[in-house]
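Participant: Predicted structure and sequence below. I'll ask about it afterward.
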Amino acid sequence: MFAPHFLKGSAAATAASLIGSPVIGRTVRASVIVVGAGAFGGWSALQLQRKGMKVTLLDAWGPGNSRASSGGETRTIRATYGPAHLLYTQMVTRALQLWQENERRWNLKLFFRSGALRMAGEDDSYERAALPVLQKAGVRYEKLSTPECAKRWPQINFEGASWSVYEPDSGFLAARRGCEAVLNAFLKQGGKYRQAQATPGPIVANRMQGINARSGEVLSADYYVFALGPWLGKVFPFLAPIITPTR
């Protein structure tokens with residue numbers, strides 16, 4: 001469950017660059033509407049608000065709801081992502097750092113360090129390829145034989161496992177509570193939140209003309225961020241062929 005800090009290179013970063021720009025003796029405060037209050041949307045809204053923007057956060061059913069990818073009581077946070085995704089592993093290490101920093105800021109326990117164990121099967125190409133990625137990202141890990149695993153965790157049946165990779169610093173996050181905590185922090189920073197179902201407005205000259213709320217209201221801002229999880233392909237049909245939600 002990422003706590004993303006990925007504004008560089010995005011439309012949100014462009015909005016951030018406008019903060020402090022002088023216009024007729026005053027300071028421009030860019031406005032942003034973020035649609036989706038899950039892990040990605042909630043954190044994007046909070047980071048933008050902290051950067052001085054005027055942010056409105058929308059969600060159809062609320063942060064950490066049962067329909068959301070970020071819902072449920074717990075989500076594992078781990079760094080083993082196979083061969084090709086150094087970016088994912090780097091995002092995880094940064095996300096864990098941010099979760100822990102904000103835990104202290106909010107005096108709220110959200111991350112529980114339990115370690116993360118991934119067992120390799122007969123085809124261990126995924127796990128083998130992950131090891132140099134973990135090392136490059138500076139993630140602590142142990143490569144353990146099956147007898148070592150069985151001795152350390154006798155409650156687990158390691159039949160069929162050829163070996164395992166163990167991340168001692170990983171664990172799990174209180175998912176629903178985490179999303180709610182991010183929303184509370186966002187509101188304390190002066191952000192605005194509305195529970196509303198929204199769809200993108202028409203695009204004219206490469207610019208979206210507001211967001212349509214189900215009530216018929218049109219909401220406008222300088223920038224728009226959509227963090228819709230499995231609904232992204234439904235809201236933007238041109239993305240449907242390349243997005244396949246598993247559930």
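Facilitator: Arrived safely, thanks for sending.
Participant: CA only for contacts and neighbour counts going forward, please
Facilitator: Noted.
Participant: Which parts of this structure are helices?
Facilitator: 11-17, 39-50, 86-106, 125-137, 146-152, 175-188, 232-235 (DSSP state H).
Participant: which one of these has the most crowded surroundings?
Facilitator: Across these, the average number of neighbours (mean count of other C-alpha atoms under 10 Å) peaks for helix 39-50, which reaches a mean of 25.
Participant: Let me have the helices of the chain in JSON lines, extended by mean pLDDT.
Facilitator: Shown next, in JSON lines, are those (pLDDT from 0 to 100):
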{"stretch": "helix 11-17", "mean pLDDT": "47"}
{"stretch": "helix 39-50", "mean pLDDT": "96"}
{"stretch": "helix 86-106", "mean pLDDT": "94"}
{"stretch": "helix 125-137", "mean pLDDT": "95"}
{"stretch": "helix 146-152", "mean pLDDT": "97"}
{"stretch": "helix 175-188", "mean pLDDT": "97"}
{"stretch": "helix 232-235", "mean pLDDT": "91"}
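Participant: would CSV of the ones you listed with distance to residue 207 be doable?
Facilitator: CSV is the format used below for the helices of the chain (distance: least, C-alpha to C-alpha, whole Å):
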stretch, distance to residue 207
helix 11-17, 12
helix 39-50, 20
helix 86-106, 30
helix 125-137, 38
helix 146-152, 55
helix 175-188, 27
helix 232-235, 17
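Participant: Would you mind telling me which of those is nearest residue 67?
Facilitator: With distances scored as C-alpha to C-alpha, the stretch of the helices of the chain nearest to residue 67 is helix 175-188 (11.2 Å).
Participant: mind saving the C-alpha coords of that closest one as PDB?
Facilitator: Backbone C-alpha positions of helix 175-188 (Å, rounded to 0.1, in the frame of the first residue of the first chain) are rendered in PDB as follows:
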ATOM      1  CA  ALA A 175      -5.400  -0.100   5.300                       C
ATOM      2  CA  ARG A 176      -8.800   1.400   6.000                       C
ATOM      3  CA  ARG A 177      -7.500   3.300   9.100                       C
ATOM      4  CA  GLY A 178      -4.600   4.500   7.100                       C
ATOM      5  CA  CYS A 179      -6.800   6.000   4.400                       C
ATOM      6  CA  GLU A 180      -9.000   7.600   7.100                       C
ATOM      7  CA  ALA A 181      -5.900   9.000   8.800                       C
ATOM      8  CA  VAL A 182      -4.600  10.600   5.600                       C
ATOM      9  CA  LEU A 183      -8.000  12.200   5.000                       C
ATOM     10  CA  ASN A 184      -8.100  13.600   8.600                       C
ATOM     11  CA  ALA A 185      -4.600  15.000   8.100                       C
ATOM     12  CA  PHE A 186      -5.700  16.500   4.700                       C
ATOM     13  CA  LEU A 187      -8.600  18.200   6.400                       C
ATOM     14  CA  LYS A 188      -6.500  19.600   9.200                       C
END
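Participant: Pull the residues that contact it.
Facilitator: 1, 37-39, 42-43, 45-46, 49, 63-65, 70-75, 110, 192-193 (C-alpha atoms under 8 Å, 6 or more residues apart in numbering).
Participant: go again using 6 Å as the cut-off
Facilitator: For helix 175-188, the surrounding residues in contact (C-alpha atoms under 6 Å, 6 or more residues apart in numbering) are 46, 63, 64, 71, 72, 73, 74, 75.
Participant: Stretch 68-79 too?
Facilitator: Contact with stretch 68-79 is made by 1, 38, 64-65, 89, 92, 170-176, as judged by C-alpha under 6 Å, 6+ apart.
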